[in-house]
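Asks: Would you be able to build a 3D model of this:
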Amino acid sequence: MHTKSWHSVGPSLDECIKCNICTSYCPVAAVTDLFPGPKYVGPQAQRFRENGQPQTPDHSVDYCSGCRVCNEVCPTGVKIAELNARARAQIVSEKGIPLRNRLLGRNEMLGKLGHIVPGLANFGLHNSFSRVMAEKVMGIAREAPLPHWSTDGSFGDWFKKTQAQRLKSDKKVVYYHGCATMYYEPFIGKATVAVFEHNGYEVLVPPQNCCGLPMLSNGEFGAAADYHQNNINKLLVYAQAGLDIVGTSTSCTLTLKEEAPELLDMDSENAKAITNATWDIFEWLRERHELGELKTDFRQMNMVLPYHAPCQYRAHRVGKPAMDIMALIPGIDIRESHARCCGIAGTYGYKKEKYQIAMDVGAELFDFVADQGGDVEMTACDSETCRWQLEHGTDLPSRHPVEILAAAYGLYDLEKRQLL
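Replies: Numbers count the residues shown, from 1 in each chain. As a prediction, the model looks like this:
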C-alpha cells in the first residue's frame, strides 16, 4: 500500500516569474474557462499546497491535459505539467479515484481482456447502445475515438509464430512495443520489425508491461510506480548489456526515459540505466543515419503527407527526427503541423466532460489538415491516441511514420497495413 505524499516539486516552483506565457500558449485554457491556465493551477496554486497550508480549491487542476506545451514555452524552465500531475495525484491519494479513471488507467488489463475474444469485445464496446450506456453509467464519451482490438491476434502472437523466421545477427535491438501495438495495432510492430531487420538488426522482444503513463495521467502514482519498477526488473539485463531499448509509442518511451522516474522520484542506478538505454524509434534511426548505417534504398513515394509531432514527442527535446528521416524518401511532400495539441491527451478526451474540450483543442490540427488540399490521402503521427484523434477529426487514415518508412523500403502496404 503506497502512502507516499506526492507534494515534492524540487526547485522548479520558485523559478516561476509570473510572466503568464504558459497560459497564453495553453491549448486547453484557450477553449474553456473550466481551466484557468497552467500558471494558476501550477506554480501559483502550489504555494498554497506546501507547508501544511489549507488546500486550495483544486478541481480545476483535473482539466490540465498534461500536454506539456507550458513546459515547452516557459522561459525559466518551470516544470508546470509535473506540478499539475503531482497535485492531481495528491487529490487522488486523499479523495480516491473514480472507477472510470481507474479503468482508463489500466490499458494493459483492458487489452488482455479484449484479446480473449476480440470480435465480441469490439462489438460490445463499439455498438451505439453500449456507447450511450458507457457515457451515462461510466462517463466515457460516446463519440470518443476508442480503439478496436486486433482480430488477427496480438503482436506477441505474431512474433512468437514467426520467431523461427526472424533475422539472426550480431547487431541486436530490444523492441518496447507498448500496449497499443500489442493489442490494437500489431501492424505497427510488424512494420517496425521489418525496418529493424532490413537494417541488419536482430529484434529482441523481452517480457514487458504497460509503461504506466495512463495511471500517471489519472493520478495513480502508486500503481504507476509498481508498473515502472516491473519494467526496470524486466529490461535491466538488456540495458546493462549495452543494448538499446527502442519504442514506437513516443508516450511510452518518454515515460520510460523521463516521466515515470521524475514524477515518481525513482532515481536508483537501475532506473537510470533504463532511462539511458531508451530511445524513441526515429531518434534511434536518425542516429543510425548520422553514423552512416541506415539503409536509404527507398522507392519513390509520391504523396502529400501532413505530419503532426505529438506533444509527448516534442517533450523528448530531440527535434523532429521522424521528419528528418521521412525527408530522405523521394517524392514525399511533408507538411509539418504547428498545432499545439491534437486534444486527446491520452485518456483525457475519452471523458464525457472533456470530450468537447479535446475536440476544440484539436480543431487547430484538423483545420491544418483540411487546408492542405484534396490531394491528401492520409496523415502521419507518432502517437497512437493522437492518430486515433486525427482520424476522428479529419475522416482520413493516419499512419505511424515507421509505416511510411517500411512502405518506402518496399516491405509494407500502407493501405492494407500489412507486410508484403
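Asks: Quick one: distance of the lengthiest helix in the chain to the chain centre.
Replies: The helix spanning the most residues in the chain, taking DSSP state H as the definition, is helix 221-240. Counting by CA atoms, centre = their mean, to the nearest Å, helix 221-240 is centred 18 Å from the centre of its parent chain.
Asks: how far does the following helix or strand past it sit from the chain's center?
Replies: If you walk from helix 221-240 toward the C-terminus, the next helix or strand you reach (DSSP states H and E) is strand 245-247. On the basis of CA atoms, centre = their mean, the separation between the geometric centre of strand 245-247 and that of its chain is 14 Å.
Asks: Note down every partner strand of strand 245-247 and its orientation.
Replies: For strand 245-247, sheet partners with direction are given as strand 172-176 (parallel), strand 278-280 (parallel), following DSSP bridges.
Asks: residues making contact with the shortest one?
Replies: Contact partners of strand 278-280, identified using CB atoms under 8 Å, 6 or more residues apart in numbering, comprise 176, 244-247, 250, 253-254, 256-257, 287, 313, 316, 318, 321, 382. C-beta coordinates here come from the backbone N, C-alpha and C atoms, glycine included.
Asks: what does the longest one give?
Replies: Residues from elsewhere that reach strand 172-176 (CB under 8 Å, 6+ apart): 189, 192-193, 196, 201-206, 208, 235, 238, 243-249, 252-253, 256, 277-278, 284.
Asks: hang on, the earlier thing: the longest helix of the chain versus strand 172-176: what angle between them?
Replies: Counting by axes from the mean of the first three to the mean of the last three CA atoms, to 10 degrees, helix 221-240 lies at 170 degrees to strand 172-176.
Asks: from the strands paired with strand 245-247, which stretch is densest packed?
Replies: Comparing the strands paired with strand 245-247 on average neighbours per residue, with mean count of other CB atoms under 10 Å, the densest one is strand 278-280 at a mean of 25.
Asks: How far does that strand sit from its chain's centre?
Replies: Its chain's C-alpha centre lies 13 Å from the corresponding centre of strand 278-280 when counted by CA atoms, centre = their mean.
Asks: Spatially central, which residue of this protein would that be?
Replies: Ser251 (2.7 Å; CA atoms, centre = their mean).
Asks: hang on, that one in a helix?
Replies: Yes. Counting by DSSP: H, G, I helix; E, B strand; the rest coil, Ser251 is part of a helix.
Asks: can I assume it is in contact with Cys210?
Replies: No. Counting by CB atoms under 8 Å, Ser251 sits too far from Cys210 to count as a contact (11.0 Å).
Asks: Name the residues contacting each of those two.
Replies: Each of Gly178 lies in contact with both Ser251 and Cys210 under the rule CB under 8 Å, 6+ apart.
Asks: Name the helix or strand of this structure that has the lowest mean pLDDT.
Replies: Using mean pLDDT, DSSP states H and E, the weakest-scoring helix or strand in the chain turns out to be helix 45-49, at a mean of 58.
Asks: residues near the closest residue to Ala85 other than its chain neighbours, how many?
Replies: Distances taken as CB to CB, 6 or more residues apart in numbering place Leu263 nearest to Ala85, at 5.9 Å, with adjacent residues excluded. One way to gauge burial is a neighbour count; for Leu263, by other CB atoms under 10 Å, it gives 23.
Asks: Go ahead and confirm Leu263 touches Glu82.
Replies: Yes. In this structure Leu263 lies within contact range of Glu82 using CB under 8 Å: 6.1 Å.
Asks: From the contact counts, what lies against whichever helix or strand comes after the least confident helix or strand of the chain?
Replies: Once the chain leaves helix 45-49, the next helix or strand it forms, by DSSP H and E, is helix 69-73. Contacting helix 69-73 under the criterion 3 or more CB pairs under 8 Å, 6 or more residues apart in numbering; DSSP states H and E are the following elements: helix 21-25, helix 80-95.
Asks: Take the ones you listed and lay them out in TSV including distance to Pro397.
Replies: Rendered in TSV, the data for these read as follows (distance: least, CB to CB, whole Å):
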stretch	distance to Pro397
helix 21-25	30
helix 80-95	30
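Asks: out of the ones you listed, deepest packed?
Replies: It is helix 80-95: most buried of the helices and strands packed on helix 69-73 by mean count of other CB under 10 Å, with a mean of 22.
Asks: Show me what that one packs onto, helices and strands only.
Replies: For helix 80-95, the contact count by 3+ CB pairs under 8 Å, 6+ apart identifies helix 38-39, helix 45-49, helix 69-73, helix 213-217, helix 221-240, helix 260-263 as packing neighbours.
Asks: Out of those, flag the one nearest Ile140.
Replies: Distances from Ile140 to each of those were compared using CB to CB; the shortest belongs to helix 213-217, at 13.6 Å.
Asks: outside of that closest one, which residues touch it?
Replies: In this structure, residues lying in contact with helix 213-217 by CB under 8 Å, 6+ apart are 66, 85, 89, 104-107, 221, 223-224, 227, 251-252, 255, 259-260, 263-264, 345-348.
Asks: What's the local residue count around Thr32?
Replies: 14.
Asks: Where does the residue nearest to it when sequence neighbours are not counted fall, secondary structure wise?
Replies: Here the nearest residue to Thr32 in space, its sequence neighbours aside, is Ile357; by CB to CB, 6+ apart that works out to 5.1 Å. For Ile357, the host element (DSSP H and E) is helix 355-371.
Asks: Check which helix or strand the residue lying closest to Arg417 once chain neighbours are set aside maps to.
Replies: Leaving aside its sequence neighbours, Arg417 sits nearest to Phe187 (CB to CB, 6+ apart; 4.2 Å). Taking DSSP H and E as the definition, one finds Phe187 inside helix 186-198.
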